[in-house]
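> model the following, please.
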Amino acid sequence: MDLNQDIFVRLLLGAFGLTLLAFFIRGLSLAFAGANTAATLSTPVFILAILCAFAGFVLAVVVKAQSLIGGESTQSTR
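Okay, the predicted model is just below:
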């Protein structure tokens with residue numbers, strides 16, 4: 001598997017950014033709508049953030065397991 005560290009950094013930053021965006025959406029929509037509407041609007045963004053974090057975790061486990069088994073090198077040449 002040819003993965004470099006950029007994919008993990010992108011997934012981590014994506015999860016962090018989506019979490020901030022979800023809080024922003026929730027706070028902004030609380031100013032104009034009720035709490036239930038704010039939660040409904042921000043929930044899909046929170047779910048995307050969780051999926052990004054989960055994908056990063058799964059990829060890290062797969063890469064680590066592959067290196068322990070003795071598969072291909074996970075370091076890419078630049």
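> what is the neighbour count of Val61?
Neighbouring residues of Val61 were enumerated by other Cβ atoms under 10 Å; the total is 10. No exception for glycine: its C-beta is placed from N, CA and C like everyone else's.
> next up, identify which helix or strand it is on.
Val61 belongs to helix 35-69 when assigned by DSSP states H and E.
> ok, and for that helix, which residues are buried?
Across helix 35-69, burial judged by 16 or more other Cβ atoms under 10 Å covers 38, 41-42, 45-46, 48-49, 52-53, 56, 63.
> likewise stretch 10-26?
Those would be 11, 14-15, 18-19, 22, 25-26, for stretch 10-26 by 16+ other Cβ under 10 Å.
> got CSV for those residues, with pLDDT too?
Shown next, in CSV, are those (pLDDT from 0 to 100):
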residue, pLDDT
Leu11, 86
Gly14, 91
Ala15, 92
Leu18, 93
Thr19, 93
Ala22, 92
Ile25, 91
Arg26, 91
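> where are the low-confidence patches of the protein?
1-5, 71-78 (pLDDT under 70).
> can you list contacts of stretch 30-42?
Stretch 30-42 is contacted from outside by 22-23, 25-27, 29, using Cβ atoms under 8 Å, 6 or more residues apart in numbering.
> tell me which of these fall in helices.
Among those, the members found in helices (DSSP state H) are 22-23, 25-27, 29.
> between the residues you listed, which sits nearest Ile7?
Proximity of the ones in helices among the contacts of stretch 30-42 to Ile7 (Cβ to Cβ) peaks at Ala22, which lies at 22.2 Å.
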